[in-house]
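J.: sequence and predicted structure are below.
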Amino acid sequence: MALFSKKNYSTIKVRKRDIPDGLWQKCPGCAEIIFKQEMQAHLMTCPKCGHHFQLSRQDRINLLIDEGTFKPFDEELISVDTLGFTGTASYTSKLDDNRKKTGYNDAITCGTGSMNGHKVGFGVMDFSFLGASMGSVVGEKVTRLIEKSTAAGLPVILICASGGARMYEGMYSLMQMAKTSAALARHAEAGLLYVPVLTHPTTAGVMASFATLGDVIVAEPGALIGFAGPRVIKETTQQDLPEGFQRSEFLLQHGLLDKVVKREDLKESLTRIIAYTTPAAGARSA
């Protein structure tokens, strides 16, 4: 029994093997601990339950646009602190931090490219840059993407993800809702296709403008989509919300969305929509 005495037991040391950080990710859908390399092999989706994690803008381009065909434009546009906003940190410092963190000037990348041979105007929003909030630069780049595509006779595919308007810019951010919507109205008058793809999360001013003005509205599974958050709505209405409220599948069932498409099937699904709606154009190369 001396072997198991408190004194002897306390001298036994268990060696803990060092495991590098960042190799594993807990899935919010099923609570499984997933090896990140396995997630990457599944296009950043959970191999157990299919939960869709956020994808970087470059990975979105690689996923949807034919290799070597993407040509970005308006990359030099940058946001400015017109209002001199200050809080716990200034708007200027937040912009600087996010530019360093992401390597991009703002929360969206726009350009042209080919999707299975069909030339398209293409934009992708990046939630890692200030929550992909819509400030003057985001609104201007979306508007230019649409207007350039209208002039060139191209369909527009826009990958949406946003926390809403960028309130560091006050009224200037809200004006982007009207500007982008007007550009889409002219695009529609020209008889050209616009397909927004709603990813997690797509909310507030972006959801209330160009994210839901598509000819066909597509979303990834499980994406949070809505104007205000569920907690705000519940407190305002004083009613319990239905299960799955503001998620892609619920909104598809209630008519807001046209399709919910898994990430692995997204390129083929978008290509079919383009081919069905622009049969005369045929496949175009970039």
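T.: Perfect, I can see it now.
J.: domain parsing for the protein?
T.: With domains defined by automatic domain parsing, the chain comprises 24-53, 55-277.
J.: the helix ranked longest in the chain - what's its average pLDDT?
T.: The residue-count maximum for a helix in the chain (DSSP state H) belongs to helix 171-189. Helix 171-189 carries an average pLDDT of 94.
J.: where among the domains of the chain is average confidence lowest?
T.: Among the domains of the chain, domain 24-53 scores lowest, at a mean of 75.
J.: hey, where'd the strands end up in the stretch 151-286 of the chain?
T.: Along the stretch 151-286 of the chain, counting by DSSP state E, counting those that start in this stretch, strands occupy 156-162, 194-203, 218-219, 225-226, 259-260.
J.: and stretch 60-79, how far from the chain's centre?
T.: Remark: stretch 60-79 is offset 14 Å from the chain centroid, using CA atoms, centre = their mean, to the nearest Å.
J.: now swap in stretch 103-121 and tell me
T.: Computed by CA atoms, centre = their mean, the chain-centroid distance of stretch 103-121 equals 13 Å.
J.: now that stretch: buried residues?
T.: Residues of stretch 103-121 classed as buried: 104-116, 118-121 (neighbour count, 16 or more other CB atoms under 10 Å). C-betas here are computed from N, CA, C, even on glycine.
J.: list the contacts of the residue nearest to the spatial centre of the chain.
T.: The chain has A161 as the residue nearest its centroid, 3.0 Å off, counting by CA atoms, centre = their mean. A161 sits next to 54, 125-127, 132, 198-202 when contact means CB atoms under 8 Å, 6 or more residues apart in numbering.
J.: quick check: L64 vs Q58, distance?
T.: Note on L64: its distance to Q58, by CB to CB, to the nearest Å, is 11 Å.
J.: hmm, back to that, let me know which of the strands of the stretch 151-286 of the chain is tucked in deepest.
T.: Comparing the strands of the stretch 151-286 of the chain by mean neighbour count (mean count of other CB atoms under 10 Å), strand 156-162 comes out on top with a mean of 27.
J.: partners of it in the sheet?
T.: Here strand 156-162 has these sheet partners by DSSP bridges: strand 118-125 (parallel), strand 194-203 (parallel).
J.: which one of those lies closest to L95?
T.: When the strands paired with strand 156-162 are compared by CB to CB, strand 118-125 sits nearest L95, at 16.3 Å.
J.: hey, C-alpha coordinates of that closest one in PDB?
T.: Extracted C-alpha coordinates of strand 118-125, given in PDB (Å, rounded to 0.1, in the frame of the first residue of the first chain):
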ATOM      1  CA  HIS A 118     -19.600  31.100 -69.300                       C
ATOM      2  CA  LYS A 119     -18.200  34.600 -68.800                       C
ATOM      3  CA  VAL A 120     -19.700  36.400 -65.800                       C
ATOM      4  CA  GLY A 121     -19.300  39.400 -63.600                       C
ATOM      5  CA  PHE A 122     -18.400  38.100 -60.200                       C
ATOM      6  CA  GLY A 123     -18.100  39.500 -56.700                       C
ATOM      7  CA  VAL A 124     -17.400  37.900 -53.400                       C
ATOM      8  CA  MET A 125     -17.800  39.500 -49.900                       C
END
